[in-house]
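In: sequence below, structure please.
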Amino acid sequence: MLESAVRLKVISRVKTITVKHHFNISNINHADWSRAVDEQTPTLLTADDDAFEEGIRNLLSQLKSSHTNFYRSDTNSTMPQHVIGATLRSVLRIGAPRWMFLDVFDDSPAACAGISPGHLLLAVNGTPAVPPSFPVFRFGQEHHLTVELPEKETKNVVVTVPPRTPKGRRLPLVEPKSISYRMLRNIGILKISFFPGAFGIRFSRLLDSTVESLKAQGCDRLIIDLRGCLGGSLGFARLVSYLCPDRIPIGFDITRKRLERGYTVAQLPRVPMPNSKLALLFCLTRFSVQDKSLILLTQGLGKQPFHGRVVVLVNEWTNSAGEMAAQFAKDTKLATVVGIQTGGNVLGSTMFNVGNGYQLYLPIFGWYSPSGNCAEGSGVLPDVPVDIDPDRLAYGDDAQVKKAVELLQ
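Out: Below you'll find the predicted structure:
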């Protein structure tokens, strides 16, 4: 257990950084929030370590913003998709809630164990897995799962989780395979699980080679599957650049300082996503001493054979940069968005070291569509609402993919 003096320094740094940097889209009164922190401090100083950390997280939840968290740098994520590469949804089975695997990323620990969408999770290491509490999966460990398959068949599988990667990553995460793809006749199906890299240049190169491969196989229609997408960084701008031939606005970000002093969108600089290290260095130099509020543009990649015939799939686990891509597709009508409403987590964030191994994850800027709408807290509504059928998913019957194919035909 940490000494009270050490904890007091951590609490003070959390409060100071939050008041100074938190992007306040919900109009929270930071002075009131600071007083709430002060009121809880005596309790936090005497609590055990788990209760101390949970107490800080509860205070941060009062900020009502996404991308807000507090944990030790060596912690395990609370979300299964960050550890085993699979999202979960609560479904009813014989009148009782059960966890169902919804999205399973290619080559993930879950996929390597033979888990597929639609399978039910019954137990982890002998402990029943019952909603609403998410089961705990730990980095660098084996987990013994009891899984129910179709026709009530059960099996035991071992999910081996590697250490989180890479070292020093902002969030606890086993990085998933970012892109996978396949062809269905002349329809390319492009699955994006994550947009890796701080500036998306590595992802952009991988995406370019993937698109070229799809086109070489006769792809003239495209399904972009963003279901379960963890988010990430600027690579999403390369993805949406493939939806239109020219340079057009994707959206704009606003820093807290610019938000507080006021702005007009027309005054913001218009910047395409850098497509090389040299362009990146120029962009960093240009904005290193300026307010970083700007309009992000597509890159002008020219005409593509699938233009006008694109569907984007989303669900409740489409997150952050995945939502930004879906919002762009919907607003511009460059693609039809199919699925269910996304989570509404689109603020830009960074990590602050608050001492003694603790990290504060905090949103520092807001993201808006070109029309000025922000999906934070509301998410992206699909053009065509379609949900999966939990009773059919384990058989490979994906209603959302089927609807996308129907629309493209």
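
In: residue contacts, the closest residue to Gly232 other than its chain neighbours?
Out: Spatial nearest neighbour of Gly232, excluding adjacent residues (C-beta to C-beta, 6 or more residues apart in numbering): Phe195 at 2.9 Å. All C-beta atoms are positioned from the backbone trio N, CA, C, and that covers glycine. Counting by C-beta atoms under 8 Å, 6 or more residues apart in numbering, Phe195 makes contact with Ser178, Phe203, Cys229, Gly231, Gly232, Ser233, Leu234, Gly235, Phe236, Leu239, Ala321, Gly322.

In: one more time with 10 Å, if that's ok
Out: By C-beta atoms under 10 Å, 6 or more residues apart in numbering, the contact list for Phe195 reads 178-179, 203-204, 207, 229-239, 320-322, 324-325.

In: now, the residues you listed that are in strands?
Out: Assigned to strands by DSSP state E, the following of the contacts of Phe195 qualify: Ile179.

In: out of the contacts of Phe195, list just those in helices.
Out: Under the assignment DSSP state H, these contribute Phe203, Ser204, Leu207, Gly235, Phe236, Ala237, Arg238, Leu239, Ala321, Gly322, Met324, Ala325 to helices.

In: adding neighbour count, distance to Asn345 and pLDDT, write those residues out as a markdown table.
Out: Output for these, formatted as a markdown table (neighbours: other C-beta atoms under 10 Å; distance: C-beta to C-beta, whole Å; pLDDT from 0 to 100):
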| residue | neighbour count | distance to Asn345 | pLDDT |
| --- | --- | --- | --- |
| Phe203 | 23 | 19 | 94 |
| Ser204 | 23 | 23 | 94 |
| Leu207 | 22 | 22 | 97 |
| Gly235 | 27 | 17 | 93 |
| Phe236 | 27 | 13 | 95 |
| Ala237 | 26 | 18 | 94 |
| Arg238 | 24 | 21 | 95 |
| Leu239 | 27 | 18 | 97 |
| Ala321 | 27 | 10 | 95 |
| Gly322 | 32 | 9 | 97 |
| Met324 | 27 | 10 | 96 |
| Ala325 | 31 | 13 | 97 |
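
In: of those residues, closest to Leu393?
Out: When those are ranked by distance to Leu393 (C-beta to C-beta), Gly322 comes first, at 20.2 Å.

In: partner strands of the longest strand anywhere in the chain and their direction?
Out: Using DSSP E to define each element, the chain has its longest strand at strand 358-368. When pairs are called by DSSP bridges, strand 358-368 turns out to pair with strand 69-72 (antiparallel), strand 249-255 (antiparallel), strand 348-355 (antiparallel).

In: now the residue nearest to Gly232: phi and psi?
Out: Torsion angles at Phe195 (phi, psi; degrees, to the nearest 10) stand at phi -110, psi 90.

In: look up how far Leu226 lies from it.
Out: Relative to Leu226, Phe195 is positioned 10 Å away (C-beta to C-beta, to the nearest Å).

In: okay, and the common contacts of the two?
Out: Here Phe195 and Leu226 share the contacting residues Phe236, Leu239, Ala321, Gly322, Ala325, scored by C-beta under 10 Å, 6+ apart.

In: adding distance to Leu268, write those out as CSV.
Out: What follows is the shared contacts of Phe195 and Leu226, written out as CSV (distance: C-beta to C-beta, whole Å):
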residue, distance to Leu268
Phe236, 19
Leu239, 22
Ala321, 20
Gly322, 24
Ala325, 20
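
In: related to what we said a few turns ago, so how far is the longest strand of the chain off the chain centroid?
Out: 13 Å (C-alpha atoms, centre = their mean, to the nearest Å).

In: with stretch 387-404 instead?
Out: 22 Å.

In: same question, stretch 334-348
Out: Centre to centre, stretch against its chain (C-alpha atoms, centre = their mean), the figure for stretch 334-348 is 11 Å.

In: for the record, mean pLDDT for that stretch?
Out: In this model, stretch 334-348 has a mean pLDDT of 96.

In: can you check stretch 254-265 too?
Out: Stretch 254-265 comes out at a mean pLDDT of 88.

In: now stretch 214-228
Out: The average pLDDT within stretch 214-228 is 98.

In: list the buried residues for it?
Out: Leu214, Cys219, Asp220, Arg221, Leu222, Ile223, Ile224, Asp225, Leu226, Arg227, Gly228 (16 or more other C-beta atoms under 10 Å).

In: in strands, which of those residues fall?
Out: When DSSP E defines the strands, the subset of the buried residues of stretch 214-228 inside them is Arg221, Leu222, Ile223, Ile224, Asp225.

In: helices of the stretch 251-400 of the chain, start to end?
Out: Using DSSP state H, counting those that start in this stretch, the helices of the stretch 251-400 of the chain run over 256-261, 277-287, 321-332, 399-408.

In: quick one: low-confidence ranges for the stretch 1-150 of the chain?
Out: Scanning the stretch 1-150 of the chain with the threshold set as pLDDT under 70 gives 1, 74.

In: helices of that one, start to end?
Out: For the stretch 1-150 of the chain, the helices defined by DSSP H, counting those that start in this stretch cover 4-21, 30-46, 49-61, 80-83, 109-112.

In: out of those, which comes closest to Gly188?
Out: For these, proximity to Gly188 was assessed by C-beta to C-beta; helix 109-112 is nearest, at 20.8 Å.

In: my guess is Ile187 contacts Asp225. True?
Out: No - here Ile187 does not reach Asp225: they are 11.7 Å apart, not a contact under C-beta atoms under 10 Å.

In: list residues touching both of the two?
Out: Shared contacts of Ile187 and Asp225 (C-beta under 10 Å, 6+ apart): Val311, Val401, Ala404.

In: for Pro269, which non-adjacent residue is spatially closest?
Out: Nearest to Pro269 is Leu294, by C-beta to C-beta, 6+ apart, at 4.9 Å.

In: and the one you found, how close does it get to Leu259?
Out: Counting by C-beta to C-beta - Leu294 and Leu259 are separated by 14 Å.

In: what's the answer for Ala399, then?
Out: Ala399 is 40 Å from Leu259, by C-beta to C-beta.

In: can you check Phe101 too?
Out: 39 Å.

In: what does Asp103 give?
Out: Asp103 is 34 Å from Leu259, where distance means C-beta to C-beta.

In: could you check which of these two is surrounded by more residues?
Out: In this view Asp103 and Leu259 are compared by other C-beta atoms under 10 Å, and Asp103 has more residues nearby, 23 against 15.
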